[in-house]
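**Student:** Build the 3D model from these lines:
(one chain, ligands or ions: 1)
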Amino acid sequence: MMSSSYHNPVMLQECIEGLNIQPSGKYVDVTFGGGGHSKAIFNELKEGQLFAFDQDKDAEQNAWEAENFEFINENFAHLKRFLMLHNGVPVNGILADLGVSSFQIDEPIKGFSYRFDAPLDMRMSKNLRYTAADIINNYTEKKLLDLFTYYGEIRNSKTLASHIVQTRLGRRIETTTDLVNVVKPVIKGNPPRYLSQLFQSLRIEVNKEIEALQDLLVQALDVLDVGGRLVVMSYHSLEDRLVKNFMKYGTFGREPIKDEKGQFTLPFKLITKKPVMASEAEVERNPRARSARLRIAEKV
Ligand SMILES: C[S@@+](CC[C@H](N)C(=O)[O-])C[C@H]1O[C@@H](n2cnc3c(N)ncnc32)[C@H](O)[C@@H]1O
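**Tutor:** Numbers count the residues shown, from 1 in each chain. You can find the predicted model right below:
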């Protein structure tokens, strides 16, 4: 059964309005989590169907039994394949609320938070190959530098990468507390913020979040019916840029895709020209909403 403490859904009303739900349509929530958004979509449906993806098996505890509801414990990078398997294509709307749930962050054993002592794991699914410990202990200095810079947006990432490589000589860094103690001497600025950025960068790499988002967007365009809505909430500037470009051009570059005749074509009509942000009242109630950026597009 759904639990309200699992995750507090961000911009719930805005997402539901953005999906422009038809009661007999097919919808996909690719990031089910606590099921808050899914429940609200489901409540709008009559003969319609809802498919909910989450790669974390723990999210299944929030699923419910209904003929027109299917929980799919898979990575959304395989959206098309699993939707086809469930006769779900084409769909009228797709919702993605990226990143991790509050439950995942607050579950010490998953190792997402620097606030709890736990193994450096951070895998959302046990099907993933490498843990955060594997990355910290085995990546080259250059690869660490890149992920701290691009995924963590850490200003002294060069110093950080070099310090980690020096420290791990002769020993492994295995736990969250171990990592926090190792990086303490090089922390710049506000320590909680710095550590959040460091942990975020590892989480994005462990779960291949950027690659999965790219796969998702390409397949979303494929499985959406004409007039179907794509609603994406991201919490990181890199992700938001990918979503923005894809909704604008149908590619990740800055040029529209070409049709069979070589003509430029725009696959989406933008419903939001600028990202929608949570209201101050919502941010006060739910600080996680502060960094959320919501973008909505309609397939043409
Ligand atoms: C921010 S939470 C979603 C919360 C949800 N909207 C709610 O109302 O409770 C993100 C969820 O997406 C899942 N997730 C993240 N990346 C995924 C991926 N590539 N494939 C499938 N699930 C993913 C996480 O396991 C997590 O449960």
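**Student:** ok, and the closest non-adjacent residue to Asp71?
**Tutor:** No Asp there; residue 71 is Phe. Leaving aside its sequence neighbours, Phe71 sits nearest to Ala63 (C-beta to C-beta, 6 or more residues apart in numbering; 3.8 Å). For every residue, glycine as well, the C-beta is placed using N, CA and C.
**Student:** Angles on the backbone of the one you found, please.
**Tutor:** Main-chain dihedrals, Ala63, degrees, to the nearest 10: phi -80, psi 160.
**Student:** what's the spacing between it and the ligand?
**Tutor:** Distance of Ala63 to the ligand, computed by C-beta to the nearest ligand atom, to the nearest Å: 12 Å.
**Student:** Please apply the same query to Phe112.
**Tutor:** Counting by C-beta to the nearest ligand atom - Phe112 and the ligand are separated by 10 Å.
**Student:** Tell me if I'm right that that residue and Leu202 touch.
**Tutor:** No - contact criterion C-beta atoms under 8 Å: Phe112 and Leu202 do not qualify, at 9.1 Å.
**Student:** Mind telling me what element the residue in the stretch 151-300 of the chain positioned nearest to the ligand is part of?
**Tutor:** The ligand sits closest to Ala212 of the stretch 151-300 of the chain, with a gap of 3.8 Å, by C-beta to the nearest ligand atom. Assessed by DSSP states H and E, Ala212 sits inside helix 209-223.
**Student:** buried set for that helix?
**Tutor:** For helix 209-223, burial by neighbour count (16 or more other C-beta atoms under 10 Å) applies to 209-210, 212-221, 223.
**Student:** got a list of what Leu128 touches?
**Tutor:** Val206, Asn207, Lys208 (C-beta atoms under 8 Å, 6 or more residues apart in numbering).
**Student:** can we see that at 10 Å?
**Tutor:** Residues near Leu128 by C-beta atoms under 10 Å, 6 or more residues apart in numbering: Gln55, Asn75, Asp121, Met122, Val206, Asn207, Lys208.
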